[in-house]
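Asks: Structure of the sequence below:
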Amino acid sequence: MATEGIEAVHLTTHNWGRAAKFFQSLGYELEFSTDHNSGQLRNGDGPYVFIAEVPEDQEPQTQIVLKVADADAFRPDPAVEVVTPFEDTHYGTKEMTVRDPDGRLWSLQAPAQN
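Replies: This is a model prediction of the structure:
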C-alpha cells in the first residue's frame, strides 16, 4: 500500500488570527478553531491547512502531511526510514514520521480505526 497524496499542511505561527485571516483571504474557509489558538481551514476538497500558534521563541515551521488510507495495512518500503511508527493522536487520527534521504521529516496520517 502506498500513500495517497497530500492530506494536509501543518503550520506554526506567532499569530493565529493573522495567519487564519491570510488563508481566508486566499479563499480558504475556517472548518474549526480551538480555544488554544489553532484551527483548520480548507479550500474546496483539497488538503486542509492546520495552523497552531507557538511562542515567540520558537521558529514558525511548515510540515506537509501525506495521506494513508489504513495504518494497519501500510507497509513502507525498506528504503523508508521510519522515525516513529503509527501512533494514535489526541485529535482522532494515527500518525507516523519518516525521514527522507536528505534528512527531512515527513508525517503520514491515517484515520483512527474503531
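
Asks: Parallel or antiparallel, which strands does the helix or strand containing Ile64 pair with?
Replies: With secondary structure defined by DSSP states H and E, Ile64 is part of strand 62-67. In the sheet, strand 62-67 lines up against strand 6-13 (antiparallel), strand 105-111 (parallel) (DSSP bridges).

Asks: Please put the alpha-carbon coordinates of the helix or strand following the first one into CSV.
Replies: Scanning the chain past strand 6-13 towards its C-terminal end, the next helix or strand to appear is helix 16-25 (assignment: DSSP H and E). Listed in CSV are the C-alpha atoms of helix 16-25, where the atom choice follows Å, rounded to 0.1, in the frame of the first residue of the first chain:
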residue,chain,number,x,y,z
TRP,A,16,-3.1,32.5,14.9
GLY,A,17,-5.6,35.2,14.0
ARG,A,18,-3.4,36.9,11.4
ALA,A,19,-2.4,33.6,9.8
ALA,A,20,-6.0,32.4,9.6
LYS,A,21,-7.1,35.7,8.0
PHE,A,22,-4.3,35.4,5.5
PHE,A,23,-5.5,32.0,4.3
GLN,A,24,-9.1,33.1,4.4
SER,A,25,-8.1,36.0,2.0
